[in-house]
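Asker: Predicted model and sequence follow; I will ask about them next.
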Amino acid sequence: MNRDQFIQTLGQEGYPDPVEVLREPNGHLDHHTHPFEVKALVLSGSIELTINGITSHYSAGSTFHLGFEEAHSETYGPQGVHYLAARK
């Protein structure tokens, strides 16, 4: 999916405009939650999300979704990750 398609989809699903997020190479966030739902599009680099013991890998062009207060951990690839995230 590209940026324009992602932003169009967000609008159709009632999400606000996304913010850009940059995370450092080989970084990590331990088990945590967010007080919002997230839809994101990876622009460059990569991210791994672990939810309920299952790890999924996302790279440029991939989208991911986290539910409201969904517990997860994050690991960023050797080039870090740059993504768009819309929160509601």
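Answerer: Received, thanks. Residues are numbered from 1 along each chain as shown.

Asker: which residue sits farthest out from the middle of the protein?
Answerer: Largest separation from the mean C-alpha position in the chain: residue 12, at 18.5 Å (CA atoms, centre = their mean).

Asker: what mean pLDDT does the lengthiest strand in the chain have?
Answerer: Criterion DSSP state E: the longest strand present in the chain is strand 72-87. Strand 72-87 carries an average pLDDT of 98.

Asker: if we can go back for a sec, what distance do you get for the residue farthest from the centre of the chain to residue 86?
Answerer: Distance of residue 12 to residue 86, given as CB to CB, to the nearest Å: 12 Å. Quick note: C-beta positions are derived from backbone N, CA and C, even for glycine.

Asker: and what of residue 25?
Answerer: Distance of residue 25 to residue 86, given as CB to CB: 24 Å.

Asker: Point out the other helices and strands that the longest strand of the chain packs with.
Answerer: If you count contacts as 3 or more CB pairs under 8 Å, 6 or more residues apart in numbering; DSSP states H and E, strand 72-87 packs onto helix 3-12, strand 19-23, strand 28-32, strand 38-51.

Asker: now with 6 Å?
Answerer: strand 19-23, strand 28-32, strand 38-51 (3 or more CB pairs under 6 Å, 6 or more residues apart in numbering; DSSP states H and E).

Asker: Dump those strands to CSV, plus distance to residue 6 and mean neighbour count.
Answerer: Below are the helices and strands packed on strand 72-87 laid out as CSV (distance: least, CB to CB, whole Å; neighbours: other CB atoms under 10 Å):
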stretch, distance to residue 6, mean neighbour count
strand 19-23, 12, 13
strand 28-32, 23, 10
strand 38-51, 4, 19
